[in-house]
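Enquirer: Quick one, structure for this:
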Amino acid sequence: MGDVVGEEIVLHNMWLGVAWLGFLFIVFYGVAIASQRKTETSSDLYAAGFTIGPVVNGLAMVATWASLATFMGVSGLILGLQVPFVFLWTQWALSIPLLTLLYGTYLRRIQTFTPASFISRRYGSEATVVCLIWMILSMLMYALGQMVGLGQTFELMFGIPYVTSVIIAGFVTLGFIVLGGMYGASFNQAFQCAVMIIAMVVPMGAVMHFLGSDGWWFPNLGYGDLVPAMMEASPTFFDIEQEFMGEGNRFRWYFALIPAFSFGPIALPHLAMRVFYLKVKGTC
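Expert: Numbers count the residues shown, from 1 in each chain. You can find the predicted model right below:
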């Protein structure tokens, strides 16, 4: 597929990558155009008419989680922080039910289309300004990893300068999101989730097969075969107290970061909207 030459990646079959990238954007824009035809009211645009079912909504949430993992560089953090970070990362899943229990119900009851509108109606205009500033700052940082990845992809595929690649990728991505509204965003994210799962599972299975794991056909089974080799390569991986914590600081380290991972993600506005537009029997 490709070789690493110095710090550059050289693709042997560039057109295969271009074709795949083109196919993805055709699907994204196809879904957006089909969704635009269903968008007739403001509730359709902002909340998909409150018709998104649990399967599509769940897949969209997984896609959101995967994009957060990309932004944070989870693979590198697991390698660097080892099992303590695995404990922390599992806490992220707790944020979804917490979000639903703490304020998802109120979003639906008040029928505001954005978190900023909810803050404005509930706490007034001054609180809304603060909310908007923090939302913009957090979402800019959140999008940074994705935009860097898109820019590098376009630069590699088409041989154009990186800055130009980021601008083009940004407009192309913004296009199908704006065009499709919440209908398009929901179904496109569900499709992205399926693509990402395949992109993660298939390479992992191939690597495990190469390493001689009996469970390579289902990577979750294969990890057990590779634990001895992993322990040989990283003997301290499963130690719950690592050197970077400092001596005697294990309790404080976990006490500070586990609540942060549990409660922090519930403030992400795009996760809040997942609860808002979910189709529930007897509502809307």
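
Enquirer: what about the longest helix in this protein?
Expert: Taking DSSP state H as the criterion, the chain has its longest helix at helix 162-210.

Enquirer: Can you tell me the centre-most residue of this protein?
Expert: The centre of the chain sits closest to S67, judged by CA atoms, centre = their mean, with a distance of 2.2 Å.

Enquirer: Would you mind confirming that that one makes contact with G149?
Expert: No - counting by CB atoms under 8 Å, G149 is not a contact partner of S67; they are 9.9 Å apart. C-beta: built from backbone N, CA, C; applies to glycine.

Enquirer: count of neighbours near L79?
Expert: Using other CB atoms under 10 Å, L79 has 12 neighbouring residues.

Enquirer: I meant to write Q152 there.
Expert: Neighbour count for Q152, taken as other CB under 10 Å: 15.

Enquirer: and it, that one's in a helix?
Expert: Yes - assessed with DSSP: H, G, I helix; E, B strand; the rest coil, Q152 lies in a helix.

Enquirer: Can you name the residues that contact it?
Expert: By CB atoms under 8 Å, 6 or more residues apart in numbering, the residues touching Q152 are 162, 165.

Enquirer: I'd like the distance between the residue lying closest to A169 once chain neighbours are set aside and T173.
Expert: Once flanking residues are discounted, A169 sits nearest to L150: 3.7 Å by CB to CB, 6 or more residues apart in numbering. Going from L150 to T173 by CB to CB, to the nearest Å gives 7 Å.

Enquirer: which residues in the protein form helices?
Expert: Here the chain has its helices, by DSSP H, at 14-36, 42-47, 54-72, 74-81, 83-91, 95-99, 105-110, 115-123, 125-158, 162-210, 219-233, 250-263, 269-276.

Enquirer: list the contacts for L81?
Expert: Contacts of L81 by CB under 8 Å, 6+ apart are 242, 244.

Enquirer: mind running it again at 7 Å?
Expert: For L81, the contact set (CB atoms under 7 Å, 6 or more residues apart in numbering) comprises Q242.

Enquirer: where's it relative to L257, distance?
Expert: On the measure of CB to CB, L81 and L257 end up 10 Å apart.

Enquirer: can you list the residues that contact stretch 203-222?
Expert: Taking CB under 7 Å, 6+ apart as the rule, stretch 203-222 contacts 201, 225-226.

Enquirer: Among the residues you listed, which has the minimum pLDDT value?
Expert: On pLDDT alone, D225 ranks lowest of the contacts of stretch 203-222, at 78.

Enquirer: Nearest residue to that one in space, please, no chain neighbours.
Expert: S213 (4.2 Å).
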